[in-house]
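>>> Any chance you could fold what I've pasted below:
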Amino acid sequence: MGGLIPIGGGADAEIKDKLHAAFNDTNIVIVRGIVANENLFDQQHHLHRVAYRLGAYPIRTYTGDSAQAKGKWFYFLKTILKTPAVNSIKAVLSYAMTHSSVARVVFDARLGSDPNADHYIYAPAGATVNSNPMSLADVALLVDTSKTLSVALICPWSLPMTTAPVPNQQGDIDNGEKPPAKIFTPNVLAPPVLDKKTRKPKTPKTKGKKKGKRK
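Predicted structure coming up:
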């Protein structure tokens with residue numbers, strides 16, 4: 001995601017999984033509750049900070065990547081992604097927060113054909129723009145009959161081996177930000193670990209009190 005490349009695997013897949021979880025049928029209700037109190041997607045909020053608060057960033061280390069995937073993702077959101085794409089993402093997610101026609105949001109990254117182009121959000125057929133949809137009518141075209149809103153980021157090239165620090169509560173706070181600082185964490189959004197035998201989610205073992213020896 002975000003042109004980390006290879007699209008579909010590695011950190012790209014991890015970021016998409018986290019985003020899907022943050023905006024799935026259950027968690028989107030939580031995000032809507034937060035947005036009712038604090039508009040995460042207005043001009044005062046920055047995507048790198050929002051991604052941090054939503055837990056939508058990679059935490060794994062990937063072989064052959066000399067830069068941290070997490071740092072590269074924050075650098076992309078903070079520095080590389082241009083204003084038109086940022087505003088489109090905010091418009092799309094704002095739509096998802098306020099329209100009952102949306103039950104979930106899914107995300108994808110696709111390799112574009114022009115290596116010199118900026119990253120942009122795909123505009124579907126019938127939209128009034130060629131990229132970065134903003135209007136309610138254009139964003140509505142991204143919603144299918146199953147109430148799934150699909151966001152596709154078109155990526156012209158791989159991200160550089162440049163990182164940005166993880167946002168924190170002291171030095172990187174958006175104007176008007178309200179608690180909770182962290183809405184989700186990557187671990188909360190991660191799929192459950194399955195038991196190898198039953199293929200069902202593992203239940204944490206509880207340590208009981210050791211019985212004293214009888215005299």
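>>> hang on, residue 56 in a helix?
No - under the criterion used here (DSSP: H, G, I helix; E, B strand; the rest coil), residue 56 is coil, not part of a helix.
>>> tell me the pLDDT at it?
Predicted confidence (pLDDT) for residue 56: 96.
>>> I figured it hits residue 188, correct?
No - here residue 56 lies out of contact with residue 188, judged by Cβ atoms under 8 Å, at a distance of 11.2 Å. C-beta coordinates here come from the backbone N, C-alpha and C atoms, glycine included.
>>> and these two? which has more neighbours close in?
residue 56 (27 against 13; other Cβ atoms under 10 Å).
>>> quick one: contacts for the more buried one?
15, 18, 19, 22, 184, 186, 189 (Cβ atoms under 8 Å, 6 or more residues apart in numbering).
>>> Can you list the buried residues in the top helix by length along the chain?
Across the chain, the longest stretch assigned as helix under DSSP state H is helix 83-98. Within helix 83-98, the residues that count as buried by 16 or more other Cβ atoms under 10 Å are 84-86, 88-97.
>>> same deal with stretch 147-167?
149, 151, 152, 153, 154, 155, 159, 163, 164, 167.
>>> Low-confidence regions, this protein specifically.
1-9, 66, 169, 193-196, 198-215 (pLDDT under 70).
>>> In the buried residues of stretch 147-167, find the pair that's most separated.
The largest separation in the buried residues of stretch 147-167, counting by Cβ to Cβ, is between 149 and 163 at 30.1 Å.
>>> Narrow the contacts of residue 56 to those in helices?
15, 18, 19, 22, 186, 189.
>>> The residue lying closest to residue 54 once chain neighbours are set aside: neighbour count?
Nearest non-adjacent residue to residue 54, counting by Cβ to Cβ, 6 or more residues apart in numbering: residue 22, 4.7 Å away. Residue 22 has 24 neighbours, counted by other Cβ under 10 Å.
>>> Residue 53 now?
24.
>>> That one touches residue 178, doesn't it?
No - using Cβ under 8 Å, residue 53 is not in contact with residue 178; the gap is 10.7 Å.
>>> Show me the strands in this structure, by range?
Assigned by DSSP state E, the chain shows strands spanning 104-111, 120-121, 148-155.
>>> Which one of the ones you listed lies nearest to residue 67?
Of these, the one closest to residue 67 (Cβ to Cβ) turns out to be strand 148-155, at 16.7 Å.
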